[in-house]
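Engineer: Here is the input, now give the coordinates:
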Amino acid sequence: MNVKKQAVSGMIWTFSQQFSVQAINVLVGIILARILAPEVFGLIGMLAVFIAIGTSLTDSGMTSSLIRSNDNDQRDYSTVFYFNLLFSIVLYLILYFFAPLIADFYNQPILCDVTRVYTISFIIRAFVGVQTTILTKEMRFKEQMMMQIPSTIIGGIVGIVLAYNGYGVWSIVWMNLSQSFIFTVQHWIFAGWKPSFIIHKERLKYHLHFGYKLTLSGIIDTIYSNVYKIVIGKFFSASDLGYYSQAKNFQMLPVTNISTALNKVTYPLFASIKDDDNKLRRAYQKLLQQVMFWIAPLMILAIVIAKPLFVFMLTAKWLPAVPFFQLLCITGILYPFHTYNLNILNVKGRSDLFLKLEVIKKLFITIGICGAIFFGIYGLLIFQIISSIFSFWINTYYSGRFLSYPGKMQILEVSPILIIALVDGAFVWFLGLFLIKMYNNNLFLVVSLSIIYIAVYLLASKLFKIPAILEFKKLILKQ
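Structural biologist: Residues are numbered from 1 along each chain as shown. Predicted coordinates:
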């Protein structure tokens, strides 16, 4: 199978995995949100930064190094496996002993025990990191899907049953641990790889040399991706953080579904053509246009139907999360630019530049948050939009030079998509103001406005011959 067909096949299966798993997660999340109080999600939100940092550290960036390296053997895989496992145990012990300090910081005593139990997932996930990397490198996404779905379903059932029986925050903790455990067991049974008793010093140095920079970048990015949760959790109530966390989770659904699914396919694809700048640029152009073609309208549609959507799915108790969600959707439009421009640096082996950019962006965010906090939660959200725009220009600086494809050109090429999505959104917004007076039914408003928006968007895209829709028909539908 050639690279193009392999990428298309991988894209189909990874999208199937991503959307099927997320569909289950959304259903489980809706049920849990209806049962549990917003404060419960706020407590989990307080731990988000520690969970994310732990996940980043247990990987150590070396799995990314495995994907981009073309000459891996059992020495490489086994060495990375044992290093990640050892590091995950050390990290768990650190968080175990620091758990009381985390609880004191947020003034939430229950967080001590929750932290000590929840972070066991670091050790469980360390047992599966290399297997997942091998499957991704070989683009065996069908097998990943067949293992991800059962773990998601069983874990979701565990969470719902515990929530109904009054376990509160523990229902979410045990749901995640169940998912991690079942996911790991399946990989050891079906993935077809087992570690040998090998720790090769030279291969460890090789992968660490590339991986430690990505790890540092990942830690910095993780802290600042969750810095708003840290600030809101510290200075506002657990309910406020619960509203923000739910808004953020729903805002990221279409973004992470599309971007993550494509990223799993395109990172190894980009790595395979990293030495041909012209081919890499063409592949990146098509990818960016395709992702923006779907994400931009989804984000704008989400802004339009936010209120009836939240009331219908989560009940009226979650209405305070609606304006948070609408502001966050604006930042979601730029998310693909951040992800794929930084990926270019990774496949080029320039993790040093990756780290440099992260430091610059985070300094800007630190200064900005110190000023925005005085304007409350809405000040923080508006600054999040400003920092996303700033990050776009920073992220495109080096990748734009490598590919002769600067940020300005990237925006210009997707501007027809953005214009159509915005005009369509304004039309449907005003239509919604009229329909709500006639039909005060949340489900009807969500369905009808969504159908109208999507129909108008696709019709306009076809009328104006947007390249992304033509490419989608060519690569996906005809395949």
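Engineer: mind checking how far residue 446 is from residue 148?
Structural biologist: According to Cβ to Cβ, to the nearest Å, residue 446 and residue 148 sit 28 Å apart. C-beta coordinates here come from the backbone N, C-alpha and C atoms, glycine included.
Engineer: Residue 254 now?
Structural biologist: 19 Å.
Engineer: Repeat that for residue 336.
Structural biologist: The spacing between residue 336 and residue 148, counted by Cβ to Cβ, is 23 Å.
Engineer: Residue 344 now?
Structural biologist: Applying Cβ to Cβ to residue 344 and residue 148 gives a distance of 27 Å.
Engineer: neighbour-wise, which of residue 336 and residue 148 wins?
Structural biologist: residue 336 (25 against 22; other Cβ atoms under 10 Å).
Engineer: Pretty sure the more buried one sits against residue 289.
Structural biologist: No - applying Cβ atoms under 8 Å as the test, residue 336 and residue 289 come out as separate, 10.0 Å apart.
Engineer: any idea how far residue 88 is from residue 129?
Structural biologist: Following Cβ to Cβ, the distance that separates residue 129 from residue 88 is 9 Å.
Engineer: These two: which is more packed in?
Structural biologist: residue 88 (26 against 23).
Engineer: can you pull the contacts of the more buried one?
Structural biologist: 54, 58, 122, 123, 125, 126 (Cβ atoms under 8 Å, 6 or more residues apart in numbering).
Engineer: cool, and residue 302?
Structural biologist: Shown in contact with residue 302 (Cβ under 8 Å, 6+ apart): 250, 251, 254, 309, 325, 326, 329.
Engineer: what's around the fourth one, how many residues?
Structural biologist: The number of residues packed near residue 309 is 21, by other Cβ under 10 Å.
Engineer: Same question for the third one.
Structural biologist: For residue 254, the count of nearby residues is 20 (other Cβ under 10 Å).
Engineer: Confirm for me that it is in contact with residue 297.
Structural biologist: No - in this structure residue 254 lies outside contact range of residue 297 using Cβ under 8 Å: 9.6 Å.
Engineer: Show me where the stretch 301-450 of the chain dips below the pLDDT cut-off.
Structural biologist: Along the stretch 301-450 of the chain, the model assigns pLDDT under 70 to residues 351.
Engineer: I meant to write the stretch 151-300 of the chain there.
Structural biologist: 207, 209-214, 217-218, 256-269, 271-272, 274.
Engineer: Let me know the helix or strand that the closest residue in space to residue 149 that isn't next to it in sequence is in.
Structural biologist: Nearest non-adjacent residue to residue 149, counting by Cβ to Cβ, 6 or more residues apart in numbering: residue 20, 5.8 Å away. Residue 20 belongs to helix 3-35 when assigned by DSSP states H and E.
Engineer: Kindly report the same for residue 400.
Structural biologist: helix 376-403.
Engineer: one step back: mind checking which of the contacts of residue 302 are buried?
Structural biologist: 250, 251, 254, 309, 325, 326, 329 (16 or more other Cβ atoms under 10 Å).
Engineer: Roughly how far does residue 245 sit from residue 149?
Structural biologist: Distance, residue 245 to residue 149, by Cβ to Cβ: 25 Å.
Engineer: Also residue 399?
Structural biologist: Residue 399 sits 34 Å away from residue 149, going by Cβ to Cβ.
Engineer: Could you check which of those two has the larger neighbour count?
Structural biologist: residue 399 (29 against 16).
Engineer: burial measure for residue 345, as a count.
Structural biologist: 22.
Engineer: contacting residues for it?
Structural biologist: Neighbouring residues of residue 345 by Cβ under 8 Å, 6+ apart: 351, 353, 354, 357, 398, 399, 402.
Engineer: where's it, which helix or strand?
Structural biologist: Judged by DSSP H and E, residue 345 forms part of helix 322-347.
Engineer: what angle sits between that helix and helix 376-403?
Structural biologist: 20 degrees (axes from the mean of the first three to the mean of the last three Cα atoms, to 10 degrees).
Engineer: what packs against the helix or strand following helix 322-347?
Structural biologist: Using DSSP H and E, the helix or strand that follows helix 322-347 towards the C-terminus is helix 351-372. On a contact count with 3 or more Cβ pairs under 8 Å, 6 or more residues apart in numbering; DSSP states H and E, helix 351-372 meets helix 201-225, helix 227-235, helix 322-347, helix 376-403.
Engineer: can you put the contacts of residue 345 in TSV and add distance to residue 415?
Structural biologist: Converted to TSV, the contacts of residue 345 look like this (distance: Cβ to Cβ, whole Å):
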residue	distance to residue 415
351	31
353	27
354	27
357	24
398	23
399	19
402	23
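Engineer: And the pLDDT at residue 473?
Structural biologist: With respect to pLDDT, residue 473 has a value of 63.
Engineer: cool, the one 5 residues further on as well?
Structural biologist: Confidence per residue is given as pLDDT, and for residue 478 that number is 50.
Engineer: Run through who's touching stretch 220-227.
Structural biologist: Under Cβ under 8 Å, 6+ apart, the answer for stretch 220-227 is 48-49, 52-53, 55-56, 355, 358-359, 361-362, 365, 369.
Engineer: Please repeat the previous calculation with a cut-off of 6 Å.
Structural biologist: 48, 49, 52, 53, 56, 358, 362, 365 (Cβ atoms under 6 Å, 6 or more residues apart in numbering).
Engineer: Could you work out the most separated pair of those?
Structural biologist: Spatially, the most separated pair among the contacts of stretch 220-227 is 48 and 358, at 18.6 Å (Cβ to Cβ).
Engineer: who's more crowded, the two?
Structural biologist: For residue 48 and residue 358, the more surrounded residue by other Cβ under 10 Å is residue 358, and the numbers stand at 23 against 18.
Engineer: Residue 368: neighbour count?
Structural biologist: Residue 368 has 17 nearby residues by other Cβ under 10 Å.
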